Structures are given as structure tokens and as C-alpha cells.
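Engineer: Please find the sequence and the predicted model below.
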Amino acid sequence: MNKKNVWVVMIMALGLTACGQDGKKFTLDQKLDAIVKQISAETPDQPINDEMKKRIREQLAQQEALADAARKEGMDKQDDVKVLAAIGAEQALASKYLEAQMATFKPSDEELKKIYNEQVSKGQEYHLRHILVDDEAKAREIIAKLKAGEKFETLAKSSKDTASAVKGGDLGWMPLDAWVPEFKDAAAKLQANQITDTPVKTQFGYHVIQLVEAPRAPQNVPAFEAVKPQVLEMAKRDHLKQLQDSFKK
């Protein structure tokens with residue numbers, strides 16, 4: 001189910017009925033226009049075509065017929081139905097409020113550049129190498145040998161990670177997020193040419209990790225202007241989340 005269909009189902013499920021709370025009856029065209037406007041506001045980059053409108057209208061007509069049948073049975077007087085209708089009204093109001101608030105959100109280029117720079121800094125690359133073994137005692141033995149002066153490349157030949165073992169344990173340049181959390185956290189604490197003092201346990205076994213040289217800025221980062229639209233969308237998502245979170249209390 002694509003995003004448009006999800007919105008249609010959500011709006012319809014939350015109590016969009018043939019009448020408003022003031023008893024005013026709305027036509028199918030009015031309800032269709034309201035839904036199309038809402039979906040367009042949420043997904044402006046995905047235009048709604050005539051076929052989609054036709055499907056929405058058919059769903060609305062079917063729902064209206066079912067709602068009329070329910071009224072004839074007196075179901076509109078039931079408390080649980082009234083609650084669902086109230087939820088639907090609140091959802092519509094909340095959506096409109098957020099839409100209005102977001103319409104006023106116009107971050108400056110300086111604000112967007114700050115977000116861009118933060119994201120670039122998160123992509124900082126680390127040149128690591130490691131030796132992976134099954135046994136903690138074996139990993140401690142390797143650490144002791146390294147501190148005694150034995151070469152990392154020689155000891156790495158015993159690593160379970162055969163792909164890096166043939167390269168002396170070298171993992172190349174990668175951002176820390178490329179690694180599992182335990183490995184990432186341990187590597188982030190290292191200084192250039194330093195090895196972990198204790199084995200690092202992950203789902204793969206026990207690692208002895210070395211930071212080969214100082215971290216560097218990520219390579220081939222696109223210029224700010226090239227990704228400005230994506231940064232703006234990121235800023236909008238963050239602002240919307242902050243706005244929503246501000247009402248949690």
C-alpha cells in the first residue's frame with residue numbers, strides 16, 4: 001500500500017462520516033476535495049491523478065451508504081461510535097494545526113548549513129584494523145603480545161575475519177556507524193595508533209581493535225547547494241517532530 005492509500009484509509013477510519021458534528025451534510029465532492037487537499041499537503045511531490053480520485057470517491061460513496069445503513073439502525077447514537085467520531089474530528093484539527101504551523105517554518109540558509117555541517121561531521125571516517133577470535137582469553141593474549149611489541153599484521157593472520165586477515169586486519173576507512181554498536185563505541189574512544197586495552201565482545205566474537213591514524217572528514221561529500229533540498233526536508237522533519245513532542249506532556 002502506497003502512502004496515498006495509507007492516508008485515505010487513516011482519514012476514513014478515523015470517522016469521516018456523511019455529516020459533520022453540527023449535523024451539516026456534506027456532498028461526496030466536498031469530502032473528496034477535503035481528502036485530496038489533505039493528501040496533497042502531506043505528499044506534494046506525488047500528484048493525485050484522476051484514477052486515484054475515482055478510487056477515493058468510490059470508497060467514500062461505499063462508506064456513506066454503510067453509514068446511512070448504520071444510522072437507520074440507530075448506531076450513530078451509540079457511545080463508542082460517538083467517541084470514534086470525536087477522535088476523527090480531533091485528528092482533522094490536529095492535522096490542520098500542524099499543517100498551519102509547518103507553513104510558517106522557513107529556515108534560513110545559515111540554519112540549513114548548520115544541519116548540513118552536523119551531518120557531515122557525523123560521517124567522519126575512521127581507519128581501523130582488528131583481530132577477531134572466539135575466545136576472550138585468546139584475545140587478551142593477543143593484546144599482551146601487541147603491547148610487548150609483536151606486529152599487528154602478524155597476529156592478524158589468526159583472525160576469524162579472513163577478509164581482513166589477509167590485509168593485516170585492515171578494515172580501511174569507514175564511518176563508525178558502519179559497525180555494530182559495541183565495536184563502534186570502543187573504536188570511538190581510541191587515539192591514533194592505540195589498541196583496545198580489553199577485548200571487545202560483539203555478536204561475532206572478541207575483537208582487538210586498533211585505530212591506525214587520526215579520523216578524517218568524509219570523502220566525496222556533495223556541496224551544500226547540491227543537497228539543499230534534502231537538508232530542507234530533514235529540517236522540516238526535525239521541526240515537525242519537535243512540534244509534536246512539545247505536546248506530549
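Structural biologist: Okay, I see it.

Engineer: could you say what helices and strands the helix or strand containing Ile209 packs with?
Structural biologist: Using DSSP states H and E, Ile209 falls within strand 205-216. The contact analysis (3 or more Cβ pairs under 8 Å, 6 or more residues apart in numbering; DSSP states H and E) places strand 205-216 against strand 125-133, helix 136-147, helix 181-188, strand 200-202. Using the backbone N, CA and C atoms, a C-beta is placed for each residue, glycine as well.

Engineer: 10 Å - rerun?
Structural biologist: Other elements packing on strand 205-216 under the criterion 3 or more Cβ pairs under 10 Å, 6 or more residues apart in numbering; DSSP states H and E are strand 125-133, helix 136-147, helix 152-155, strand 170-175, helix 181-188, strand 200-202.

Engineer: Just give me the longest helix of the chain.
Structural biologist: Ranked by number of residues, the top helix in the chain under DSSP state H is helix 79-103.

Engineer: Throw the helices and strands packed on strand 205-216 into CSV and include mean neighbour count, thanks.
Structural biologist: Compiled in CSV, the helices and strands packed on strand 205-216 are given as follows (neighbours: other Cβ atoms under 10 Å):
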stretch, mean neighbour count
strand 125-133, 22
helix 136-147, 16
helix 152-155, 16
strand 170-175, 16
helix 181-188, 17
strand 200-202, 17
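
Engineer: Next, format those as TSV and append distance to Ala70 and mean pLDDT.
Structural biologist: As requested, those are exported to TSV (distance: least, Cβ to Cβ, whole Å; pLDDT from 0 to 100):
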stretch	distance to Ala70	mean pLDDT
strand 125-133	61	97
helix 136-147	66	97
helix 152-155	74	96
strand 170-175	56	95
helix 181-188	51	96
strand 200-202	57	98
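
Engineer: Which of the ones you listed sits closest to Arg216?
Structural biologist: When these are compared by Cβ to Cβ, strand 125-133 sits nearest Arg216, at 5.4 Å.

Engineer: Check which helices and strands the closest one is in contact with.
Structural biologist: Using 3+ Cβ pairs under 10 Å, 6+ apart as the test, strand 125-133 ends up in contact with helix 136-147, helix 152-155, helix 162-165, strand 170-175, helix 181-188, strand 200-202, strand 205-216.

Engineer: As a markdown table, those with distance to Lys228 would be great.
Structural biologist: Shown next, in a markdown table, are those (distance: least, Cβ to Cβ, whole Å):
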| stretch | distance to Lys228 |
| --- | --- |
| helix 136-147 | 46 |
| helix 152-155 | 43 |
| helix 162-165 | 38 |
| strand 170-175 | 22 |
| helix 181-188 | 29 |
| strand 200-202 | 38 |
| strand 205-216 | 24 |
